[in-house]
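Student: Got a sequence here, can you model it:
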Amino acid sequence: MTNMSKTAEKRGNSAQTDGFEAARQAILPKALEMAAFDGWTATMLGAAARQAGFSKNLRATVRTAFPAGVIDLISYWSGLCDEEMRAAMAAPEFGGLKIREKVAFAVRARIDVLRPHKEAARRAAACLALPPHAPRAAKLAWATSDAVWRGLDDKSTDFNFYSKRAILTGVWTSTFARWLADDSEDEAATGAFLDARIENVMQIEKVKAKIRKTGFDPSAPIAFLARLRYRAPTREGA
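Tutor: The predicted structure is shown next:
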């Protein structure tokens, strides 16, 4: 049983499932094999479901397991990849790393999960790049970033909660794109790219820290603008 199969099985044993997890678990591996050649299409999804043994109730199974079609299937795969990344972050050696090393570890772990299905990932990225799927693409990228910070036990709830995830989303998506274009055996270019992006982020944090020492809060302008847009009610209720 592969790590992804184990992750899907754990999810299937969770009380939060909707009853169609077994179908998703069976269809995804077939879809990953086919998507590398056929792309993420409705035809591919139907063929994957048929190969997974659901030919008798094919349409009903696909509609219940993946109501939005292949975009739901991609989302399901992405969620499993995030969970596997989080599992890798639970390794004993992870706790002794510096923050930048932890972030790099997490991004590399996420890529490691995708590596056996790189062409399917490339086709999935192309599918998500289509305008109708842009909202889902943004949501999935944010979910991956959020999974990293939760794995780092981030407890921020203020402006930093959003800024950390927004910055890491940029790191993740740009590194993912670089990896898709990196066909070298050791993927050294991707590693160097990731290290450079994280170094850029750390430089931003250093600048923010210096600014805070002056007594200015970098997040204050956001709060100020929010007060202008959403003014507190006056006593007259205006």
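Student: Tell me how many other residues crowd R63.
Tutor: Neighbour count of R63, defined by other CB atoms under 10 Å: 13. The C-beta positions use only the backbone N, C-alpha and C, and glycine is treated the same way.
Student: again, but for P131
Tutor: Per other CB under 10 Å, the neighbour tally for P131 reads 6.
Student: now swap in L58 and tell me
Tutor: Using other CB under 10 Å, L58 has 15 neighbouring residues.
Student: which residues does it contact?
Tutor: Listed by CB atoms under 8 Å, 6 or more residues apart in numbering, the contact partners of L58 are 46, 49-50.
Student: if I read this right, A23 contacts R63, doesn't it?
Tutor: No. At 10.7 Å, A23 and R63 do not qualify as touching, with contact defined as CB atoms under 8 Å.
Student: Over to A126: give its phi and psi.
Tutor: Main-chain dihedrals, A126, degrees, to the nearest 10: phi -70, psi -40.
Student: For it, list the residues it contacts.
Tutor: Taking CB under 8 Å, 6+ apart, we find A126 in contact with G39.
Student: pLDDT at it, what is it?
Tutor: A126 is assigned 97 on the pLDDT scale.
Student: picking up where we left off before, which one of the contacts of L58 is nearest to R86?
Tutor: A49 (28.2 Å; CB to CB).
Student: Can you give me the distance of the closest one to P131?
Tutor: A49 is 27 Å from P131, where distance means CB to CB, to the nearest Å.
Student: Run through the strands of this protein in chain order.
Tutor: Here the chain has no strands by DSSP state E.
Student: Could you pull up the residues touching the closest residue to A42 other than its chain neighbours?
Tutor: Residue nearest to A42 in three dimensions, not counting chain neighbours: G69, with 5.7 Å by CB to CB, 6 or more residues apart in numbering. Counting by CB under 8 Å, 6+ apart, G69 touches 42, 45, 62.
Student: Quick one, grab the pLDDT at the residue nearest to Y76 when sequence neighbours are not counted.
Tutor: Excluding the flanking residues, the one nearest Y76 by CB to CB, 6+ apart is R24, at 5.6 Å. R24 is assigned a pLDDT of 96 by the prediction.
Student: what sits against the most centrally placed residue in the chain?
Tutor: Central residue of the chain (CA atoms, centre = their mean): T144, 2.6 Å from the mean position. By CB under 8 Å, 6+ apart, T144 lies in contact with 78, 81-82, 85, 110, 169, 172.
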